[in-house]
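**Q** Give me a 3D structure for the following:
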Amino acid sequence: AAMLRAMLVDRFKLAVHVEKREQQAFVLQLARADGRLGPGLKPTETDCVRITAERAATAEATLGGSTPPPPGPPDFSVPPPLCTLRTIDERTRNFRGDKQGHLGSLLEGEANMDVLASALRFTLGRLVVNKTALPGAYRMTMNFDGASGRGGPALNPTDVAAPSIFTAVQEELRLKL
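**A** From the prediction side, this is the model:
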């Protein structure tokens, strides 16, 4: 990272500074005092710390000499790789996935709560801080109205049966934002 910064400064005369700014954020926490999890959140025995480290080491070794070929189109009909989450919007879900787009967007996969917070950040467009204190990895499945996080309109307002992302997180995962 330091070498990259030095190269950018040297070649492109890049000048940057770091500053702290306040910003709005969501806190992800347990929704129930008894700690019971929702039907869309199941603990697993998968060691995501080890798997993620192995993937990083493999990628670093692979990228050392050459550029990998571009991946083909994703197959949404099969589960995502271990220790990853993916969000499939309702149009893609209907066209290339499980043909269940009428249920809204789908968040699915297996990961820890920090990865879930990152995935929710992408959907909500705002920082999400994990305050669940839940250890380990979880299998997650959640249907939600993909436009609800950013306040956008539904793709087909008369046909949307999916709950807002806030409702889905609470009802399907028993967490809250």
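**Q** buried sites along the longest helix seen in the chain?
**A** Longest helix in the chain by number of residues (criterion: DSSP state H): helix 48-63. For helix 48-63, the neighbour count (16 or more other Cβ atoms under 10 Å) marks Cys48, Ile51, Thr52 as buried. The C-beta positions use only the backbone N, C-alpha and C, and glycine is treated the same way.
**Q** helices or strands up against it?
**A** Packing contacts for helix 48-63, counted by 3 or more Cβ pairs under 8 Å, 6 or more residues apart in numbering; DSSP states H and E, involve no helix or strand.
**Q** Name the SS class of the spatially most central residue of the chain, please.
**A** Nearest to the geometric centre of the chain sits Ala119, at 2.1 Å (Cα atoms, centre = their mean). Recorded secondary structure, Ala119: helix (DSSP: H, G, I helix; E, B strand; the rest coil).
**Q** can you check Met140 too?
**A** Recorded secondary structure, Met140: strand (three-state DSSP).
**Q** close enough to count as contact, it and Glu108?
**A** Yes. Counting by Cβ atoms under 8 Å, Met140 touches Glu108, with 6.4 Å between them.
**Q** what do these two both touch?
**A** Leu85 (Cβ atoms under 8 Å, 6 or more residues apart in numbering).
**Q** so where do the strands sit in this protein?
**A** With strands called from DSSP state E, the chain shows them at 25-30, 41-44, 85-88, 105-111, 127-130, 137-144, 175-176.
**Q** mind checking how far the last one is from the chain centre?
**A** Averaging C-alpha positions (Cα atoms, centre = their mean, to the nearest Å) puts strand 175-176 15 Å from its chain's average.
**Q** mind listing what that strand pairs with, with the direction of each?
**A** Within its sheet, strand 175-176 is paired with strand 25-30 (antiparallel), according to DSSP bridges.
**Q** buried stuff in stretch 32-40?
**A** Leu37, Gly38, Gly40.
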